[in-house]
Structures are given as C-alpha cells and as structure tokens.
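**Student:** what shape does this take:
(one chain, ligands or ions: 1)
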Amino acid sequence: MNDTMKAVRLHEFGGPQVLRYEDAPRPSAQRGEVLVRVHAAGLNPPDLYLREGYRALPPEWRPNPTFPLILGTDVSGEVAAIGDGASRFRVGDEVYAMVRFPKDLMTGSGAYAQYICVHEDELALKPKGIDHIQAAGAPMSLLTVWQLLIDLGHDEPNPFQSFRHAPVPLAGKTVLVNGAGGGVGHLAVQVAKWKGARVIAVASGKHERLLRDLGAEEFIDHTKTAAEAAATDVDLVIDAVGGANMERFLSIIKPGGALFLVNPLGFSGNEEAAALGITVSSTQVRSNGAQLAEAGRLLDDGIVRVVIDSTYALEWASDAHQRASRGSLQGKIVLIV
Ligand SMILES: NC(=O)c1ccc[n+]([C@@H]2O[C@H](COP(=O)([O-])OP(=O)(O)OC[C@H]3O[C@@H](n4cnc5c(N)ncnc54)[C@H](OP(=O)(O)O)[C@@H]3O)[C@@H](O)[C@H]2O)c1
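**Tutor:** Alright, predicted model coming up:
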C-alpha cells in the first residue's frame, strides 16, 4: 500500500482557509487498532472549536498541538488492515466510529483523510441499512444522545459536574428538545420518541415539517415564540444549543423533572433548580464502539434517521466549515472522501 494519502490538514489555527487539502503520511495501525479506509467523515462543533484553537477557552486551557493536524472524529469506512492484538474486525468490514474523543485529539490524525487508525473498542459495524454518509453523520451526535438519555456507559470523571450523569425514565413523559433541528437535537427527538416520550421540538420554522415527520407532537418556532412562553409541565428539557439564559427552561419543568444541558458553560441556575426540585445535569460525550453497535440497530431498522444538511468532497472541507459557521443546520454536514 502507498505510504501517503490525501488529507485536510491544519498548519496553524484560524478560519476555514487554514484547512489545506494535501499529501500526508498514511498512518499504520498500532496495537489494538484497525486501519480504516475512510468513505465519509462527519463534521461536529468541536472540529470548528479546534480549528480556531479553542479561542473561547482561557489561554491556559487552550491546546498547544504539534502541527500539522488532521481534524475530525466521526468516520464511516472500510477496514483496510488490522494491528497486532486487534481481533474484533476483519479486512473489508464496513465500520463507523467516533475516534479518540475527548482524549488524544491532538494526535494529529483525524477523520478528514483517506485513512485513519481507530482503536477497535471505539469501532462498530456500520448499520447495513444506511450508507456511509449517514453513518458518518451519526457517531458524535448519536453517542451524545445515547449517553445523556439511555446509558452513560462509563465511570470517567465528569468535567462539568461533581456527580455522575444519570438518564431519567422517558416513557409517558413530556420531553422538550431545544435546538431540535441540529445534529444532536434531531436524534434526541427520535430517541426520546422511541422510548415512549411525547416530544416538543423547538427550532426555527424551516425545520417544522421535518421534526413533525421525525415524531415531534408539538413544534415551537423559537424565532417567533420563546419556548418558556409556549410550553408548560415538561418532565425533561434537553437543551442542545447552550449559550445565554439556559435558566429560562426551569420555569417550564415540573418539580422532580430534569434539565439536561449539552453545553452547560454559563449556566447559573443551580440554586433555583435545587429550590424547585429540578435536576440539572450534563456530560461530555466519550467514544464507545459497543454503544454505537447498540444504537446502530435503531439506524438499521429505520427507527432513527440521520438527516443530512449537506455534503462536500473532502477537498472542499473549508466550504463545509463555512456552512457550519452560518448555523441553522438541519441535521449533519458530511465530507465525502
Ligand atoms: N456535551 C457534549 O459532549 C456535546 C456533544 C456534542 C455537541 N455538544 C454541543 O451541543 C451543541 C449542539 O451541537 P450540534 O452538533 O447539534 O450543533 P448543530 O448541528 O449546529 O445544531 C445546533 C442547532 O441549534 C439551533 N439553534 C440555534 N440557535 C437556537 C436558539 N436560540 N433556539 C433554538 N435552537 C437554536 C440551530 O438551528 P435553528 O436556529 O435553525 O433552529 C441548529 O439546528 C453545540 O454547542 C456542541 O458543542 C456537546
């Protein structure tokens, strides 16, 4: 096999223009790893945060990687080679994964490339019922939803809070999803629905038809009506947006209910929540092949659908990042390799 490949690499932090399509060394599988020939790579907000050098963090927390760096955690492709000690997959298997998140993002070897090495514990067989584009759109968003709503799946320390995040029962409950049109949000709507919840979706109006198709019973257009003015007696709010004034959701949650935040930085309602008997909880998504295999059955059976906002050829990764920066995504952006 040729020892170079095409990849999109960063030689410095910055805007989308720092993404360079060029030759790079092809990685080789280390112990416990599998070499995957990439068919598609999904975009996620952390790709943009890393491209910019995590500018929103205080300087002492910002990464200081060795350039060049290849971005990308979400991949779907085909096993090309097996490293020593890896035994679960065979050459030719179609697989998908969220790779090395949140650990080891600075290894320099991400999914925006023709090949990537993945530890076999992070890998699952691609659901046969979906193509590589949908499969590459799933891993981070689906694992985020799975770990928030179904099963945390690990005992690692939680960077957001001192206690372990715990999912809550969903059957027969009313669940409001804010940011329901986005990558995490549209999957949260479907997983909550699958678990028997009545779902209220909050998104801008262009997503209404899709979200009703995906199972939302009610729809609130946040550009016209504030969610807290239109909903009441909610058991669980999943805020898949973050940012300012997340405390506003506390007023629509029943006592004993819960508020799950995908992006809790800036939340300041802990005292109010405690007084109201509302649990506020967050977790940081972690790579997990076994969970992708389990959640993949929902994708295979068509119970959960990965919606694709747009696709770009790998060499146009900078255009894909520009699309992501404009926001208002409907589902996922995927690079085709
Ligand atoms: N905790 C974790 O480990 C974890 C994991 C994954 C993602 N995240 C975080 O979760 C957030 C969402 O990620 P994502 O991949 O789903 O992003 P995304 O695909 O960009 O989706 C964000 C969605 O929010 C909607 N939105 C924006 N402003 C809104 C508002 N004021 N009210 C309601 N909806 C609004 C957008 O569309 P409309 O405005 O058109 O409705 C868009 O559909 C990001 O901050 C990400 O960093 C955290």
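**Student:** could you chop the protein up by domain?
**Tutor:** For the chain, automatic domain parsing gives the domain ranges 4-139+287-336, 166-281.
**Student:** and the ligand, is stretch 309-328 touching that?
**Tutor:** Yes - residues of stretch 309-328 contacting the ligand under C-beta under 6 Å from any ligand atom: Gly327, Ser328. For glycine as for every other residue, the C-beta is placed from the backbone atoms N, C-alpha and C.
**Student:** start and end of that stretch, how far apart?
**Tutor:** End-to-end distance of stretch 309-328 (C-alpha to C-alpha, to the nearest Å): 10 Å.
**Student:** can I get the domains of the chain in TSV with mean neighbour count?
**Tutor:** Formatted as TSV, the domains of the chain follow (neighbours: other C-beta atoms under 10 Å):
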stretch	mean neighbour count
domain 4-139+287-336	19
domain 166-281	19
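**Student:** alongside the ligand, which residues does this protein contribute?
**Tutor:** Applying C-beta under 6 Å from any ligand atom, we find that the chain lies next to the ligand at 44-45, 140-141, 144, 178-179, 181-185, 202-204, 207, 222, 240-242, 262-263, 284-285, 327-329.
**Student:** identify the residue spatially nearest to Glu218, adjacent ones excluded.
**Tutor:** Ile200 (4.3 Å; C-beta to C-beta, 6 or more residues apart in numbering).
**Student:** what about that neighbour, helix or strand, and which?
**Tutor:** Secondary structure from DSSP states H and E places Ile200 in strand 198-203.
**Student:** quick one: strands adjacent to that strand?
**Tutor:** Here strand 198-203 is paired, per DSSP bridges, with strand 174-178 (parallel), strand 218-221 (parallel).
**Student:** now those strands as CSV including mean pLDDT?
**Tutor:** Formatted as CSV, those follow (pLDDT from 0 to 100):
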stretch, mean pLDDT
strand 174-178, 98
strand 218-221, 98
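**Student:** want to throw those into a markdown table with distance to Arg55?
**Tutor:** Shown next, in a markdown table, are the strands paired with strand 198-203 (distance: least, C-beta to C-beta, whole Å):
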| stretch | distance to Arg55 |
| --- | --- |
| strand 174-178 | 25 |
| strand 218-221 | 31 |
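**Student:** how about those, which one is nearest Leu298?
**Tutor:** strand 174-178 (16.5 Å; C-beta to C-beta).
**Student:** returning to what we had before: can you list contacts of the strand holding Ile200?
**Tutor:** Residues outside strand 198-203 that contact it (C-beta atoms under 8 Å, 6 or more residues apart in numbering): 172-182, 185, 189, 192-193, 207-208, 211-212, 215-222, 227, 231, 234.
**Student:** now, the residues you listed that are in helices?
**Tutor:** Among those, DSSP state H puts Gly185, Val189, Ala192, Lys193, Glu208, Leu211, Arg212, Ala227 in helices.
**Student:** roughly how far does the residue in the chain that the ligand sits nearest to sit from Asp47?
**Tutor:** Proximity of the chain to the ligand (C-beta to the nearest ligand atom) peaks at Gly182, 2.0 Å away. Gly182 sits 14 Å away from Asp47, going by C-beta to C-beta, to the nearest Å.
**Student:** then Val241?
**Tutor:** 18 Å.
**Student:** picking that back up, next step: the residues of the chain next to the ligand restricted to strands.
**Tutor:** Counting by DSSP state E, the part of the residues of the chain next to the ligand found in strands is Asn178, Val202, Ala203.
**Student:** list the beta-bridge partners for the second one.
**Tutor:** Partner residues in beta bridges with Val202: Asn178, Ile220, with DSSP bridges as the criterion.
**Student:** how far does stretch 231-242 stretch from start to finish?
**Tutor:** First-to-last residue span, stretch 231-242, C-alpha to C-alpha: 18 Å.
**Student:** any idea of the mean pLDDT in that stretch?
**Tutor:** When pLDDT is averaged along stretch 231-242, the result is 98.
**Student:** residues contacting the closest residue to the residue of the chain closest to the ligand other than its chain neighbours?
**Tutor:** Excluding the flanking residues, the one nearest Gly182 by C-beta to C-beta, 6+ apart is Leu329, at 5.3 Å. Residues in contact with Leu329, defined by C-beta under 8 Å, 6+ apart, are Gly181, Gly182, Gly183, Asp309, Arg323.
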